[in-house]
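Peer 1: curious how this folds, go ahead:
(one chain, ligands or ions: 1)
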Amino acid sequence: MGRLWSLLFLTVPILGVAIFVLAVIPGGVFDDHWLPVNINEHGQIIDDLFMFILYLTGVIFIGTGILLFWFLWKYDTETRTEPVKYTHGSHTIEIIWSILPAATLLFIAIYQMDAWASHKMVPPVDDHGDPKPALLEVTGRQFEWRLRYAGRDGELYTKDDVFTVNDLHVPVNEQVVIVVKSQDVLHSFFLPNMRIKQDLIPGMKQKVWFQANQIGQYDLVCAELCGWGHYKMRGRLWVDSADDFAKWLEQAEQEQNSTEIASASQE
Ligand SMILES: [Cu+2]
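Peer 2: The predicted structure follows:
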């Protein structure tokens, strides 16, 4: 009976590894269920980091899985009747298993510095080397995304700003900078296809940036449990051609102006 348990334990690493293998084979059974398609010019560095950590932890997982099984199998109580011997352990092995993980974590910390810099530290610049102005501001609030576009003058927080809700439009093949903030509680601005995820902290303005390289409609979701309606805090990301984007913004502006006129004439 004891050995049956060790076999049962073995199925966990075997199943785990099988899913790993299926998931990383391009065009495989789980190919579409692993990472969503990357449409950010600068997204590959995140995927590479992810896969590197996946392979590394995968190897360690297989090793410890096999070790666990081997101990269970070898020291089965039904076949081994001699009493347990206690030992004070091995100083050398303890040193090795402390240094190895420390060195591995240090290596990952150094290895990921470029990815961190490109996504969090070095915002895009314009032709003159100045920081590129933000195209829009996104405000997370329970339970929707409020968007404020810079409008015609290309400057945020001016009279011609255009307001929308949940439908985030951006032009393709262009560096886009977005100011993100929260109005109430912790939210997380998540564009899975852009490999962008930024926690929003009330009272703090932050910037995210990306360059979409594929036209289409994608997800904009909140990745922080922010209240009862968290599940429906879902927007859409539209990557448009430059022309379509300009048309859409103009239309949004017209709609905004006509409702303003309508509400003003009712007063
Ligand atoms: Cu939220």
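
Peer 1: residues in contact with the closest residue to the ion within the stretch 51-200 of the chain?
Peer 2: Closest approach between the stretch 51-200 of the chain and the ion, counting by CB to the ion: His187, at 3.6 Å. C-beta here means a position set from N, CA and C on the backbone, and glycine is covered the same way. By CB atoms under 8 Å, 6 or more residues apart in numbering, the contact set of His187 is Gly140, Arg141, Asp199, Leu200, Cys222, Glu224, Cys226, Met233.

Peer 1: could you check how far Thr64 is from Trp97?
Peer 2: To Trp97, Thr64 is 11 Å away according to CB to CB, to the nearest Å.

Peer 1: need the overlap of contacts for the two.
Peer 2: By CB under 8 Å, 6+ apart, no residue touches both Thr64 and Trp97.

Peer 1: phi and psi next, for the nearest residue to Val138 once chain neighbours are set aside.
Peer 2: Residue nearest to Val138 in three dimensions, not counting chain neighbours: Val180, with 4.9 Å by CB to CB, 6 or more residues apart in numbering. Listed backbone geometry of Val180 is phi -120, psi 140, with angles given as degrees, to the nearest 10.

Peer 1: tell me if I'm right that Val180 and Pro202 touch.
Peer 2: No. If you go by CB atoms under 8 Å, Val180 and Pro202 don't touch, sitting 11.9 Å apart.

Peer 1: so these two - more neighbours on which side?
Peer 2: Val180 (24 against 13; other CB atoms under 10 Å).

Peer 1: tell me who's in contact with the more buried one.
Peer 2: Contacts for Val180 (CB under 8 Å, 6+ apart) come out as Glu137, Val138, Thr139, Gly140, Phe189, Gln198, Leu200, Lys205, Gln206, Lys207, Val208.

Peer 1: contacts for the least confident helix or strand in the chain by mean pLDDT next, please.
Peer 2: Within the chain, judged by mean pLDDT, DSSP states H and E, the helix or strand with the poorest mean is helix 2-24; its value is a mean of 82. Defining contact as CB under 8 Å, 6+ apart, one finds that helix 2-24 is touched by 28-31, 33-34, 51, 54, 58, 61-62, 65-66, 68-69, 72-73, 76-79.

Peer 1: centre of the chain versus the next helix or strand after that helix, how much separation?
Peer 2: Once the chain leaves helix 2-24, the next helix or strand it forms, by DSSP states H and E, is helix 44-74. When C-alpha coordinates are averaged (CA atoms, centre = their mean, to the nearest Å), helix 44-74 and its chain have centres 22 Å apart.

Peer 1: so which bits of helix 44-74 are buried?
Peer 2: Buried residues in helix 44-74, defined by neighbour count with 16 or more other CB atoms under 10 Å: Ile45, Ile46, Leu49, Gly58, Phe61, Gly65, Phe69, Leu72, Trp73.

Peer 1: who touches the helix or strand following that helix?
Peer 2: The C-terminal neighbour of helix 44-74 among helices and strands, as given by DSSP H and E, is helix 91-111. The set of residues that contact helix 91-111 without belonging to it, under CB under 8 Å, 6+ apart, is Leu49, Phe52, Ile53, Leu56.

Peer 1: swap in 10 Å and give it another go.
Peer 2: Residues from elsewhere that reach helix 91-111 (CB atoms under 10 Å, 6 or more residues apart in numbering): Asp48, Leu49, Phe52, Ile53, Leu56, Thr57, Ile60, Ser90, Trp116.

Peer 1: same question for the helix or strand that that helix is followed by, mean pLDDT?
Peer 2: Reading on from helix 91-111 to the C-terminus, the next helix or strand found by DSSP H and E is helix 113-116. Helix 113-116 shows an average pLDDT of 89 in the prediction.

Peer 1: hey, C-alpha coordinates of helix 113-116 in PDB?
Peer 2: Provided in PDB are the C-alpha atoms of helix 113-116 (Å, rounded to 0.1, in the frame of the first residue of the first chain):
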ATOM      1  CA  MET A 113      17.200  44.500 -15.600                       C
ATOM      2  CA  ASP A 114      16.800  45.200 -19.300                       C
ATOM      3  CA  ALA A 115      13.200  44.100 -19.300                       C
ATOM      4  CA  TRP A 116      12.400  46.200 -16.300                       C
END
